[in-house]
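Student: with the sequence up front, the predicted model follows.
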Amino acid sequence: MVLHLLCRLCVNKSGAWNSGILASLLVAACNGSGAGPDSGPSIDANLDAEGGNVDTTETPAVPVVSITPLRPGGGGRLDWCANDRIVYDTVAVGGVWSVHTMDPDGSNDTCLTCGSVPGLPANTIVGQPAWHPSCEWIVLQVKSTTLSDGAILPRYFGPGWGVHSDLYLLKADASIAYPLVTLATARTASLHPQFSADGNYLYWAVRDPLAVASDLTELTSAWRGWYISIAQIDVDATTPALGARVDFYRTSPASARGFYETHALRGPTMWMSRTLDGARVVDEGFSADVSTPSVMTNWTQSPGTWEEHTMPSPTGALVTYNSSQPSSWHNPPDADFDELPLELWAMVVATGERVQLTHFNDELTPTEVAGGVRATTADYAWAPDGRQIGLYSVKHTPAGQIVHQRIDLITLGAAY
């Protein structure tokens, strides 16, 4: 069945064979590796943002010129398009979620979901927006209005976990929305959807339910049951919808799988975070070619600490990621996950040198430190020119309560 789908996907609208991503997927299907178990990471530091080779003759420095608040008291997960518009989600007092766009200096803020949008469910959680390369469409997570929440912990329904999240395609002017993924089973999830660089494919993480009554009613089960999907999409169709779809890492049973989160699809290269060997809590950042998904490059190489949101800069000169280094947070039990501190880091691809870009935990006040408050960098997006990064971060208590959230603009000393 997968081979049949891939044969359909590898033909373009004119009937000619595509030589890009799904041609590689066809190879993966023929080799039987599209959904097989991981064989372990293999190191290859010469992949650029399009899955090709990086020019390693020049070693860039990574100077941070400034960090400027864009939304010092709010904001959330974000993405940055070629038209220099940033899309982000935010939650107001009372738990009302919305999706906005703004200019890189924070001006011209427009709420896309505050009013009625044809085709988009109202009065539910919306978030995790990502631009289509045309800058005319946005994919976002929308909490299901039909699935029963039951005894699932409320923390899992936000954009950060995506439990019971359908996926919708929203016009950038908020004139209409179309459903792309509609979940039909309780305790499933859709997380962190991203478009490919050419806009022809959607890339996201998916969760199957576990066959235990306690699934998602406690803190350990949420880390299991995940896999990755890529599906064809044509946003120019009269009614946009997902086409043929290929799943990766969907071994059985669901309880044997760990956590996957998708961050970028550049050429045939999937960028992701995942827990090693089905373990809980401790993440690493990887990339893998769609034709050989079991051959994974581990870019963070730090077992026992937490790394996530691993992706290349626009030129491929850097790989950026969030990390719990150099804090004392090392491989704790699940109960300590809410004490996680993170900072944004960059690895210079040419040399392997790692540079800490933010120091938010060093800037906490004595009162915050005494109260156990941690700063955690989260989602971020590169500016198209590679000179700036829009970064969402939060401050939270040891009990996991968010006490402050913000979006900052990081300006670098060169284009990466």
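Tutor: Received the coordinates, thanks.
Student: CA atoms for contacts and neighbours, from now on please.
Tutor: OK.
Student: N361 should be in a helix, yeah?
Tutor: Yes: assessed with DSSP: H, G, I helix; E, B strand; the rest coil, N361 lies in a helix.
Student: neighbours of it, just the number please.
Tutor: By other C-alpha atoms under 10 Å, the residues close to N361 number 19.
Student: roughly how far does the residue nearest to it when sequence neighbours are not counted sit from L340?
Tutor: Distances taken as C-alpha to C-alpha, 6 or more residues apart in numbering place A375 nearest to N361, at 5.3 Å, with adjacent residues excluded. Going from A375 to L340 by C-alpha to C-alpha, to the nearest Å gives 8 Å.
Student: so where's the stretch 151-300 of the chain uncertain?
Tutor: Along the stretch 151-300 of the chain, the model assigns pLDDT under 70 to residues 277-278.
Student: what segments of it are helices?
Tutor: Counting by DSSP state H, counting those that start in this stretch, the stretch 151-300 of the chain forms no helices at all.
Student: which stretches in it count as strands?
Tutor: Counting by DSSP state E, counting those that start in this stretch, the stretch 151-300 of the chain has strands at residues 165-171, 177-181, 189-195, 201-207, 226-233, 242-248, 260-266, 269-275, 283-289, 296-298.
Student: now what about the fourth one, what contacts it?
Tutor: So that's strand 201-207. By C-alpha atoms under 8 Å, 6 or more residues apart in numbering, the residues outside strand 201-207 that reach it are 187-196, 224-233, 260-262, 264-265.
Student: follow-up on the earlier one: from L276, how far off is the residue nearest to N361?
Tutor: Look at A375 and L276: by C-alpha to C-alpha, they are 24 Å apart.
Student: more neighbours, these two?
Tutor: The neighbour count for A375 versus L276, taken as other C-alpha under 10 Å, is higher for A375 (25 against 20).
Student: what's the separation between the more buried one and T358?
Tutor: Distance, A375 to T358, by C-alpha to C-alpha: 10 Å.
Student: anything in contact with each of those two?
Tutor: E343.
Student: which one, of the strands of the stretch 151-300 of the chain, ends up nearest to G73?
Tutor: Proximity to G73, assessed across these by C-alpha to C-alpha, is greatest for strand 189-195 (23.3 Å).
Student: between the closest one and strand 201-207, what angle do the directions make?
Tutor: Strand 189-195 runs at 160 degrees relative to strand 201-207, counting by axes from the mean of the first three to the mean of the last three C-alpha atoms, to 10 degrees.
Student: what is the distance between strand 189-195 and the centre of its chain?
Tutor: Distance of strand 189-195 from its chain centroid, counting by C-alpha atoms, centre = their mean, to the nearest Å, is 7 Å.
Student: that one vs strand 226-233, what angle?
Tutor: Taking the same axes, to 10 degrees, one finds strand 189-195 and strand 226-233 inclined to each other by 40 degrees.
Student: tell me where the stretch 301-416 of the chain has strands.
Tutor: Under the criterion DSSP E, counting those that start in this stretch, the stretch 301-416 of the chain carries strands at the ranges 307-312, 318-323, 343-348, 354-356, 374-382, 388-396, 402-412.
Student: okay if I get the ones you listed as TSV plus mean pLDDT?
Tutor: Output for those, formatted as TSV (pLDDT from 0 to 100):
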stretch	mean pLDDT
strand 307-312	97
strand 318-323	97
strand 343-348	97
strand 354-356	95
strand 374-382	97
strand 388-396	96
strand 402-412	94
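Student: can I get these in TSV with distance to D247?
Tutor: As requested, these are exported to TSV (distance: least, C-alpha to C-alpha, whole Å):
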stretch	distance to D247
strand 307-312	20
strand 318-323	25
strand 343-348	29
strand 354-356	33
strand 374-382	24
strand 388-396	29
strand 402-412	33
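Student: to P118, which of those strands lies closest?
Tutor: Nearest of the strands of the stretch 301-416 of the chain (C-alpha to C-alpha): strand 374-382, 28.1 Å.
Student: surely L412 touches A61?
Tutor: No: distance between L412 and A61: 9.6 Å, which falls outside the contact criterion (C-alpha atoms under 8 Å).
Student: quick one: which of those two has more around it?
Tutor: Higher neighbour count among L412 and A61: L412, with 19 against 14, using other C-alpha under 10 Å.
Student: how near is the nearest residue to the more buried one once chain neighbours are set aside to A222?
Tutor: Excluding the flanking residues, the one nearest L412 by C-alpha to C-alpha, 6+ apart is V64, at 4.6 Å. According to C-alpha to C-alpha, V64 and A222 sit 36 Å apart.
Student: more crowded one of these two?
Tutor: A222 (23 against 16).
Student: my read: the more buried one touches V212, true?
Tutor: No: in this structure, A222 is not within contact of V212 by C-alpha under 8 Å, at 11.9 Å.
Student: what's near enough to touch W345?
Tutor: So W345 contacts T320, Y321, N322, S323, R354, V355, Q356, L357, T358 (C-alpha under 8 Å, 6+ apart).
Student: so what's the fourth one bridging to?
Tutor: So the one you mean is S323. Beta-bridge pairing of S323 under DSSP bridges involves E307, E343.
Student: that one touches E343, doesn't it?
Tutor: Yes: between S323 and E343 a contact is recorded at 5.5 Å, counting by C-alpha under 8 Å.
Student: what touches both of the two?
Tutor: What both S323 and E343 touch, as defined by C-alpha under 8 Å, 6+ apart, is an empty set.
Student: more neighbours: which of those two?
Tutor: Between S323 and E343, counting by other C-alpha under 10 Å, S323 is the more crowded of the two (29 against 23).
Student: nearest residue to N200 other than its sequence neighbours?
Tutor: Once flanking residues are discounted, N200 sits nearest to I233: 5.3 Å by C-alpha to C-alpha, 6+ apart.
Student: how much space is there between the one you found and N322?
Tutor: Counting by C-alpha to C-alpha, the gap from I233 to N322 is 30 Å.
Student: which one of those two has more residues nearby?
Tutor: Applying other C-alpha under 10 Å to I233 and N322 shows that N322 carries more neighbours, namely 27 against 19.
Student: list the contacts of the more buried one.
Tutor: Neighbouring residues of N322 by C-alpha under 8 Å, 6+ apart: W306, E307, E308, H309, T310, L342, E343, L344, W345, T377, A378.
Student: 6 Å instead, please
Tutor: N322 makes contact with E307, E308, L342, E343, L344, W345 under the criterion C-alpha atoms under 6 Å, 6 or more residues apart in numbering.
Student: between the two ends of stretch 379-397, how far is it?
Tutor: 19 Å.
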